[in-house]
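Chemist: Attaching a predicted model along with its sequence, questions to come.
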Amino acid sequence: MAMLLRVAYEGTDFHGFARQLGPDGLPRARTVQGELEAALARIYKQAVATRAASRTDAGVHARGQIVAFDPPFMIPSRGLVLGLAAELPRDLIALAAWDQPEHEGVRVEPRRQNLGKHYRYRIRTAQLRDPLRDRYEWHFARGLDLSAMQVAATHFIGRFDYAGFRASDCQATNTIRRVRGVEVAELDLGPDGPHGPGWLDSTPGRIAIDVHGDAFLKNMVRIMVGTLVAIGRGKYGPERIDEVLASGDRTRAGNTAPARGLELVEVLWPREWPPPERE
């Protein structure tokens with residue numbers, strides 16, 4: 001029997017999700033996994049290893065990360081969530097917990113058994129940055145052609161070889177991935193505007209790019225976003241995406257967008273168990 005957690009964190013002060021240990025076996029950087037396992041160890045009075053659906057990069061945020069672990073003994077879900085709330089730092093929380101039985105002795109593995117992931121990237125297209133949102137969006141101090149980005153986004157949808165949209169140190173041996181949806185839309189300005197007299201940015205713009213897919217390569221979403229921004233600037237047209245997908249040439253894609261604008265919104269978890277087979 002495994003225990004699953006739905007975890008949220010503000011990624012600014014974390015060096016990614018995955019634990020980083022030095023030669024002495026001690027943590028060499030602050031990570032989400034390190035903080036979570038330390039809190040679980042205090043609750044269960046022994047070491048507890050976790051495994052996550054996504055190894056988010058340094059600075060990336062999450063609202064719906066899924067983490068599994070094999071509990072030494074059972075604690076009611078409500079008690080575990082409240083116990084973790086007392087033990088975890090302010091930038092990390094478990095929002096929910098539930099037990100997940102194994103099927104035919106196969107260990108529960110969130111990375112392989114989820115039904116897909118939803119990422120959102122936020123961009124601020126205004127002359128001035130917003131200090132209240134600066135940790136959660138890419139400040140791009142110029143306008144972008146939203147319609148061109150929306151047309152280009154459709155070129156990502158499908159099952160392709162995404163070798164040209166991954167980090168140079170990505171260790172994946174299979175680079176074929178299925179992207180199920182990419183939407184580019186203006187965000188509701190809310191309290192940001194429009195402003196009256198006395199404001200330099202009378203109509204500050206904000207854009208959200210939502211990406212849905214089965215799985216992603218290292219930095220894949222951030223490179224997709226960087227490419228869409230380059231298209232929104234008029235640097236090249238939507239056909240550039242097709243060229244990179246066909247060639248696998250990373251140098252033909254856009255820059256990697258900053259980590260701070262990216263959020264793992266949700267990892268889709270199957271209601272029925274075992275989950276259906278996925279390509």
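Modeler: Ah, there it is.
Chemist: Specify the beta-bridge partners of residue 263.
Modeler: Beta-bridge partners for residue 263, by DSSP bridges, are residue 61, residue 120.
Chemist: Model confidence score at it, please.
Modeler: pLDDT for residue 263: 98.
Chemist: and if you look at the one 3 residues further on?
Modeler: Note on residue 266: pLDDT of 97.
Chemist: Provide a list of residues in contact with it.
Modeler: Going by CB atoms under 8 Å, 6 or more residues apart in numbering, residue 266 touches 63, 64, 117, 118. (Each C-beta comes from the backbone N, C-alpha and C, glycine too.)
Chemist: Mind telling me what element it is part of?
Modeler: Assigned by DSSP states H and E, residue 266 falls within strand 262-268.
Chemist: and what of residue 226?
Modeler: Short version, using DSSP H and E: residue 226 is in helix 220-232.
Chemist: Outside of the helix or strand that that helix is followed by itself, which residues are in contact with it?
Modeler: Downstream of helix 220-232, the first helix or strand assigned by DSSP H and E is helix 239-247. For helix 239-247, contacts defined as CB under 8 Å, 6+ apart pick out 152, 155-156, 160-162, 164-165, 227, 230-231, 249-250, 252-253.
Chemist: among these, which ones are buried?
Modeler: Buried residues within the contacts of helix 239-247, counting neighbours by 16 or more other CB atoms under 10 Å: 152, 155-156, 160, 162, 164-165, 227, 230-231, 250, 252-253.
Chemist: Which of the contacts of helix 239-247 fall within strands?
Modeler: 160, 161 (DSSP state E).
Chemist: Give me the below-cutoff pLDDT ranges for the protein.
Modeler: 189-196, 198-204, 274-279 (pLDDT under 70).
Chemist: Tell me which residue lies farthest from the centre of it.
Modeler: For the chain, the residue at maximal distance from the C-alpha centroid (CA atoms, centre = their mean) is residue 197, at 38.1 Å.
Chemist: Thought residue 57 was touching residue 32, still the case?
Modeler: No - judged on CB atoms under 8 Å, residue 32 makes no contact with residue 57 at a distance of 11.0 Å.
Chemist: Between these two, which is the more surrounded one?
Modeler: The neighbour comparison of residue 32 against residue 57 (other CB atoms under 10 Å) goes to residue 32, with 27 against 20.
Chemist: Which residue is the nearest non-sequential neighbour of the more buried one?
Modeler: Spatial nearest neighbour of residue 32, chain neighbours left out: residue 17 (4.5 Å); criterion: CB to CB, 6 or more residues apart in numbering.
Chemist: ok, now residue 176?
Modeler: Closest residue to residue 176 apart from its sequence neighbours, by CB to CB, 6+ apart: residue 161 at 5.2 Å.
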